[in-house]
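S.K.: just need the structure, nothing else, for what follows:
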Amino acid sequence: MAKYKVRISDLREMSLNDRKKLLDEWRRELVTLRYKASTGALDNPGKLREFRKNIARLLTIIREEELSSKEKR
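M.R.: Have a look, this model is predicted:
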């Protein structure tokens, strides 16, 4: 399960455009995983949980940067 986990430091180093592309990719993958889980074809159910957590991590980092940019104004 740990192989799907992404380092927060790696996400912070990415540009905003790269993060948004990655977020879209992960959301599409999550839809695919949910479909596989509903049909019983999912090999590793832990993968579903890790993708949800990674999406939450990414959204948190995006939001933190939005708030810090507003404070600087």
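S.K.: list the contacts for the residue nearest the centre of the chain?
M.R.: Among the residues of the chain, the one closest to the centroid is I55, at 2.4 Å (CA atoms, centre = their mean). Applying CB atoms under 8 Å, 6 or more residues apart in numbering to I55 gives the contacts 23, 26-27, 30. Just so you know, the C-beta spots here come from the backbone N, C-alpha and C atoms, and that holds for glycine as well.
S.K.: do K53 as well
M.R.: Counted by CB under 8 Å, 6+ apart, K53 has contacts K5.
S.K.: for the one 5 residues further on, same thing?
M.R.: For L58, the set of contacting residues under the criterion of CB under 8 Å, 6+ apart consists of 11, 19, 22-23, 26.
S.K.: I'd like the mean pLDDT over whichever strand or helix holds it, please.
M.R.: Here L58 sits within helix 45-72, counting by DSSP states H and E. For helix 45-72, the mean per-residue pLDDT is 92.
S.K.: and it, which residues are buried?
M.R.: Residues 47-48, 50-51, 54-55, 58, 61 are the ones in helix 45-72 that count as buried (16 or more other CB atoms under 10 Å).
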